[in-house]
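1. Have a look; sequence and predicted model below, questions after that.
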Amino acid sequence: MSSLRFALVAGPFSLLAVSAAAEVNELGYELGGVEFVTATPEQIEAGKSVYQESCAQCHGDTGDGKGTMADRVYPKPRDFIAGSYKIRHTFGGELPTDHDLYEAVRLGLPGTSMPAWEGLLSEDQIWQVVHYIKTFSEDFEHFPPEEQLVIGEPIPTSEESVERGRQVYGEMQCAKCHGEQGRGNGPSAAELKDEWNERTWPVDMMQPWTFRGGRAPGDVYRTFVTGLNGTPMPSYAPSVSSEDAWHLTNYVISVGREPVRDIVVRGVRVDAIPADPAAPEWAEAPMVDFKLSPQIIQKPRLFTLVNLDVSAKALYDGEEVAVQLIWDDRTENAGGDGLPSDAAAIQFPARPAEGGEKPYFLMGDDRHPVDYWRWSALMNTADNLLAHGANEVERKESGVNAQGAYDDGRYQVIFRRAMTTDHEQDVQFEPGAFLPIAFNVWDGANEEQGNRKAVTAWYYLLLEPETPRTVFAWPLVAIFLGLGAEALLLRRLRRAEPGPEPPLRQP
Ligand code: HEC
Ligand code: HEC
């Protein structure tokens, strides 16, 4: 059961006990004792009220993970009776330390519905609720963890370290689950289940902001070493040395990037829009990452969001405008496999906004139709719809084209259309104007089709006039728009502001 301890016991004793507080095993891991935080009955009682107020709706009154909201979130809330925890400094299969639980509640589990409670609950309240959730499983009393991993000094990143990490990634066959480039699309990815018999997917390393246990070097190191209990993500403590685990950490971090959160996609003027997403013009266009949300308002709903982000960039050349959507999808479904086809769509208000009012974000409404451009992997072309809501759609012909390709866990699709048309119900593009834009994505492997899809809120597309970009900075937007319009716009933009990224767990 305890793989890290096995490595410790099997190690030559000459290497043990380098310091009084910690031991170093043969693979170089530093192991320390576990400090418990004792709780008074009053604290546990206080924790119960915190729990009922803030946690029970997901984790259930009895701690079984079956609260009223449990059916609506993915992954499912933790079952505290079973006592399997993902984020731990302790050995694979063991319970977490009190401090691990405190940190999980404080920082939440990024990429899931488990919120970060810091700022919402006081430090005292977090400790109280930690003491309370421990009462759901007697294991905390009978099998408390005895040892934990001490996260020492990271090996600073360097080309050599990243290269060694890449080798370890290969030797340990991480790609079987996580894919060659780490997008979570390895050959085993399509059939993984966790201990709770739920479908689970290897994490997409390109999106470290979705790591449950944090994305700082110490967090990533801890993940390989102790594994994620209850999931197919194993503990590598018995087979990888501490040094190699740091190289692997540096490699994983080198693969990922920070998200670019903005509310405006800035389209860049080029001489001619290239069809190839790898063309240098596309590299000039700044990319923005948008969080996807499951569509839970209209039937059929989506509760199991798998692809968490969609990214967009734009180009225009005077004649045409092009928007490129890029999103990671672990499986390619282009029809023919009995599953719906992967797809993506862009929507714009079909008519200029009256008084800045935007259409309903789910395909418009009676008074505010949307111009809807939809691409599917099955046809590899776009169709163009005029929608007055999800159930009020008619096909139209405005010359929208789209072409996409799937490569190693990622789609890139380029939509293009003439900047202006002479149809009344078509969106018209004009450099310098902020145009509302929103995105939809369907993942066939997750049985997404029709209303069962991932959506974004409204954002903006701005085809930047040919003024040098440094001059066209935010404060000048006010001058462009005139004061009245600006006040309105800023109020709307603020409302659409994306939330903060999850904080770093280990400094
Ligand atoms: C909106 C739903 C929701 C609420 C509210 C919520 N949780 Fe969670 N919680 C989750 C989900 C979902 C997970 C599992 C995520 C995963 O498995 O990746 C989770 C996991 C956890 C874990 C396990 C961490 C680990 O290492 O496995 C703890 C501890 C936890 N929650 C405590 C709490 C406490 C305490 C509260 C109230 C203060 C709370 N949660 C409120 C959804 C919620
Ligand atoms: C058998 C499949 C499998 C293998 C092999 C595997 N992983 Fe994972 N990994 C997963 C799954 C599944 C998850 C997501 C678990 C969850 O939260 O449900 C995951 C999660 C992760 C995470 C994110 C942790 C977090 O905080 O959310 C990292 C980083 C990671 N793996 C790295 C690796 C590396 C590096 C290797 C090779 C040394 C590896 N994995 C091998 C399946 C695997």
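-> Nice, thanks for sending it over. Numbers count the residues shown, from 1 in each chain. Ligands and ions are numbered 1, 2, ... in the order given.
2. what number of residues lie near the residue nearest to residue 137 when sequence neighbours are not counted?
-> Distances taken as CB to CB, 6 or more residues apart in numbering put residue 83 closest to residue 137, at 3.9 Å, once the chain neighbours are dropped. Placement of C-beta: from N, CA and C, glycine included. For residue 83, the tally of surrounding residues (other CB atoms under 10 Å) stands at 20.
3. I'd say residue 83 and residue 96 touch.
-> No: applying CB atoms under 8 Å as the test, residue 83 and residue 96 come out as separate, 9.3 Å apart.
4. immediately after whichever strand or helix holds residue 402, which helix or strand?
-> According to DSSP states H and E, residue 402 maps onto strand 401-407. Next along the chain after strand 401-407, taking DSSP H and E as the criterion, comes strand 410-418.
5. Could you give me the buried positions within that following strand?
-> By neighbour count with 16 or more other CB atoms under 10 Å, strand 410-418 contains the buried residues 410-417.
6. before we move on, back to that, show me what contacts the residue nearest to residue 137?
-> 95, 136-137, 139-140 (CB atoms under 8 Å, 6 or more residues apart in numbering).
7. redo that, cut-off 10 Å
-> 63, 94-96, 134, 136-140, 143, 229-230 (CB atoms under 10 Å, 6 or more residues apart in numbering).
8. could I get those residues as TSV with pLDDT, distance to ligand 1 and neighbour count?
-> Listed next are these as TSV, based on pLDDT from 0 to 100; distance: CB to the nearest ligand atom, whole Å; neighbours: other CB atoms under 10 Å:
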residue	pLDDT	distance to ligand 1	neighbour count
63	98	10	24
94	96	12	26
95	97	10	23
96	98	6	26
134	98	10	23
136	98	10	21
137	97	11	19
138	96	17	11
139	96	14	15
140	96	12	20
143	95	17	13
229	96	7	23
230	95	8	19
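9. Mind checking which of those are in strands?
-> Taking DSSP state E, every one of the contacts of residue 83 sits outside strands.
10. and those residues, which two are the farthest apart?
-> Comparing all pairs in the contacts of residue 83 by CB to CB, the longest separation belongs to 63 and 94, at 19.0 Å.
11. For ligand 1, see how far away residue 302 is.
-> Residue 302 sits 16 Å away from ligand 1, going by CB to the nearest ligand atom, to the nearest Å.
12. Look at that residue and report its pLDDT.
-> If you check residue 302, the pLDDT there is 95.
13. again with residue 318
-> On the pLDDT scale, residue 318 gets 91.
14. How about the one 3 residues further on?
-> Predicted confidence (pLDDT) for residue 321: 98.
15. What of residue 6?
-> 42.
16. just residue 243 next, same as before
-> 97.
17. So it is in contact with residue 28, correct?
-> Yes: Residue 243 lies in contact with residue 28 (CB atoms under 10 Å); the separation is 5.7 Å.
18. Could you list the low-pLDDT ranges of this protein?
-> Applying pLDDT under 70 to the chain flags residues 1-21, 467-507.
19. And the chain, what are its domain boundaries?
-> 41-148, 157-255, 264-496 (automatic domain parsing).
20. out of those domains, which comes closest to ligand 2?
-> Closest approach to ligand 2 among the domains of the chain (CB to the nearest ligand atom): domain 157-255, 2.8 Å.
21. Next, the distance between the ends of the closest one.
-> Using CA to CA, to the nearest Å, one end of domain 157-255 lies 12 Å from the other.
22. Could you do stretch 416-424 as well?
-> 19 Å.
23. next one: stretch 60-67
-> 4 Å.
24. Show which residues not belonging to that stretch make contact with it.
-> Residues outside stretch 60-67 that contact it (CB under 10 Å, 6+ apart) are 51-52, 55-59, 68-70, 73, 76-83, 132-137, 196.
25. Buried ones among these?
-> Buried among the contacts of stretch 60-67 by 16+ other CB under 10 Å: 51, 55-56, 58-59, 70, 73, 76-80, 82-83, 132-137.
26. thinking again about what came up before, between residue 83 and residue 96, which contacts overlap?
-> 134, 140, 229.
27. Can you add distance to residue 365 and give those residues back as a markdown table?
-> Formatted as a markdown table, those follow (distance: CB to CB, whole Å):
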| residue | distance to residue 365 |
| --- | --- |
| 134 | 49 |
| 140 | 52 |
| 229 | 46 |
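28. Could you export these as CSV, including distance to ligand 2?
-> Listed next are the shared contacts of residue 83 and residue 96 as CSV, based on distance: CB to the nearest ligand atom, whole Å:
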residue, distance to ligand 2
134, 22
140, 22
229, 10
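29. any idea which of those is the one closest to residue 378?
-> With CB to CB as the yardstick, the closest approach to residue 378 among those comes from residue 229, at 39.4 Å.
30. and the gap between the closest one and residue 126?
-> Distance from residue 229 to residue 126, counting by CB to CB, to the nearest Å: 21 Å.
31. Residue 445 now?
-> Taken as CB to CB, the span from residue 445 to residue 126 is 37 Å.
32. cool, and residue 81?
-> Relative to residue 126, residue 81 is positioned 21 Å away (CB to CB).
33. now residue 233
-> Taking CB to CB, one finds residue 233 at 26 Å from residue 126.
34. thinking residue 376 is in contact with residue 403, fair?
-> No: between residue 376 and residue 403 there is no contact under CB under 10 Å: 11.7 Å.
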